[in-house]
Every structure is written in C-alpha cells, then in structure tokens.
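**Student:** Model the following, please.
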Amino acid sequence: TISGLENQLIQMSLFNLGAQLLQLKREKRIMENDFRTSLGIADDQKLELTTDISFVATNLDQNEYYARAKKSPAFARFQHLQAAKEKQVRLEKMRVLPGMRLSGGYKNVNDDFRGYTVGLSLPLPVLNLNRSQIQQKQVERNIISLEYDLYKSFVERNLEAKFVSAQELADFLRENDEQFRTADKLVADLVFSFQEGWLELGDVLDGIQVYSESLSNYYQQLSDYYENIFDIEVMIANEII
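**Tutor:** Modelled structure (predicted):
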C-alpha cells in the first residue's frame, strides 16, 4: 500500500525512464540507418546485431603505433608524390640542352643546278635555360614536401592525443567494469529492500536514478574508448582489437 504522493513519484520516475528509452530507440534507428547506407544494405534486409558490447583491455604502445602509421597507405602516398615531383624537376633541368634539328632533302634549282642538301640547326640562344618550368616544378615539389611534414606532425600529435585518451579510459573502465557486469541486480535489490521495509521509497527512486545515470555514463565512456581505439586503427592501418 502506497500513498498518492508516493504513486506520483513512481509515475514521474517511470516517465523519466520511458523518455530515456525513447531517446535510445531514436538514436538506435539513426545509427542503424547510417550503417545500412554506408554498407549498401537494403531496407528489407534484417540486421542481426547481437554481439554484447563489453570492455576489452589491450596493450597500447605509442611508439609502435607511430612506426606502423609511417607504413600506412597515406604516408606511402606522400612518399610517392615526393619521388614523382623530384623526377619532374630533374626532367625539366635536362631540357636546358639545345634542341638540335637535322634536316635534309633534294634541291632542284634548274637543269644545271640540282643535288641533295643536309642541314643542322641550333636554336638561339644555344642553351634553353628553362628556368620558369624548373621553378614551377620545384615549387610543386616543395608544396608536397610541406604537406607531408604537416601530415606527419598531425598524425603524431593526433595519435598521441588518441593514445592518451584511450589509456585513461582503459584505466577507468578496468577499475569499474566489474560492478557494471552485475548492475542489473541492483534494481532488484532496491525493490526487494523497499518491499521488506528496509528502504524508503525516496531512497529507492534515488537509487534507480543513480543506476540509470551511472549505466548511461558507463556506456558513454565505453563508446569513447572504442572510438579512440578505432581511430588509432585507421591511422596505423592495423587492427588492435
């Protein structure tokens, strides 16, 4: 038997939990639609996403990851572009040599003056300095080199930031993961304690609120942890988990 006030408190608590559940369902639909679109899965195909999401610890080595990142396709792209631009510069420098032209033919002036002619011509000035083309290719080479240096700096700093975040989250989750494996039992214990008269209704509702917020925060931290891990995997072009 509960009073009208206690019943109102329960209904408001149920409303809050129901609103959270609706929000989760909306977020799930958005993520599922994005997932289908990105993979080209038809709307009439059913998704079987049944794998439990749990914390999996992993050994993180920043130096090893940066060494792997430098072997990734993105780094290889810049290295190939640099090599190509360097060859273009050398090619333009080779064009400073004169472009000689050899000509020949049969010449008939009149009945008494005919024969073959051979000629060798050189442009004036004799050396084609080709400075503008050389400078243009050098500028393009320097731009690629600058972009490569910026990318290396970006990867190194971004990798360090992701590494630190993943390490902090891993330590935090490692310390708290166990209690959330049995968190569902908490609500049953709260209700049982209320039924037995050991807890007041306000304490039960406060406990449920703490449980709900803690569980939400736990999965947010877990999501952030895996987001950092997956970002690192992209940068090093290798699987961690």
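**Student:** Can you show me the helices along the protein?
**Tutor:** 4-39, 62-69, 73-94, 131-181, 184-195, 201-236 (DSSP state H).
**Student:** which of the residues in the first one are buried?
**Tutor:** For helix 4-39, burial by neighbour count (16 or more other Cβ atoms under 10 Å) applies to 9, 13. Every residue, glycine included, has its C-beta placed from N, CA and C.
**Student:** what do you get for the last one?
**Tutor:** Using 16+ other Cβ under 10 Å as the burial criterion, the residues of helix 201-236 that qualify are 201, 204-205, 207-208, 218, 221-222, 224-226, 228-229, 231-233, 235-236.
**Student:** Which of the helices of the chain comes out lowest on mean pLDDT?
**Tutor:** Set side by side, the helices of the chain give their lowest mean pLDDT on helix 62-69, at a mean of 81.
**Student:** and that helix, how far from the chain's centre?
**Tutor:** 16 Å (Cα atoms, centre = their mean, to the nearest Å).
**Student:** Extract the CA atoms of it and return them as PDB.
**Tutor:** Extracted C-alpha coordinates of helix 62-69, given in PDB (Å, rounded to 0.1, in the frame of the first residue of the first chain):
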ATOM      1  CA  GLN A  62      52.500   4.700 -28.700                       C
ATOM      2  CA  ASN A  63      56.000   4.200 -30.300                       C
ATOM      3  CA  GLU A  64      54.900   1.000 -32.000                       C
ATOM      4  CA  TYR A  65      51.800   2.700 -33.400                       C
ATOM      5  CA  TYR A  66      53.600   5.600 -34.800                       C
ATOM      6  CA  ALA A  67      56.100   3.300 -36.500                       C
ATOM      7  CA  ARG A  68      53.200   1.400 -38.000                       C
ATOM      8  CA  ALA A  69      51.500   4.700 -39.000                       C
END
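**Student:** In terms of secondary structure, what does it contact?
**Tutor:** helix 131-181, helix 201-236 (3 or more Cβ pairs under 8 Å, 6 or more residues apart in numbering; DSSP states H and E).
**Student:** out of these, nearest to S103?
**Tutor:** With Cβ to Cβ as the measure, helix 131-181 is the member of the helices and strands packed on helix 62-69 nearest S103 (26.5 Å).
**Student:** Which secondary structure elements does that closest one sit against?
**Tutor:** Helix 131-181 packs on helix 62-69, helix 73-94, helix 201-236, going by 3+ Cβ pairs under 8 Å, 6+ apart.
**Student:** now the longest one against helix 73-94, angle please.
**Tutor:** Regarding helix 201-236 and helix 73-94, their directions subtend 30 degrees when assessed with axes from the mean of the first three to the mean of the last three Cα atoms, to 10 degrees.
**Student:** Save the helices of the chain as JSON lines, and put in distance to D112 too.
**Tutor:** Listed next are the helices of the chain as JSON lines, based on distance: least, Cβ to Cβ, whole Å:
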{"stretch": "helix 4-39", "distance to D112": "86"}
{"stretch": "helix 62-69", "distance to D112": "82"}
{"stretch": "helix 73-94", "distance to D112": "47"}
{"stretch": "helix 131-181", "distance to D112": "50"}
{"stretch": "helix 184-195", "distance to D112": "117"}
{"stretch": "helix 201-236", "distance to D112": "84"}
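**Student:** Tell me the residue in this protein that is farthest from the middle.
**Tutor:** In the chain, the residue that sits farthest from the middle, by Cα atoms, centre = their mean, is D112; the gap is 83.5 Å.
**Student:** And the pLDDT for that residue?
**Tutor:** So, for D112, pLDDT stands at 71.
**Student:** for the one 4 residues further on, same thing?
**Tutor:** Y116 is assigned 75 on the pLDDT scale.
**Student:** Could you check how far the nearest residue to it once chain neighbours are set aside is from V234?
**Tutor:** Nearest residue to Y116, sequence neighbours excluded (Cβ to Cβ, 6 or more residues apart in numbering): Y106, at 5.7 Å. According to Cβ to Cβ, to the nearest Å, Y106 stands 70 Å off from V234.
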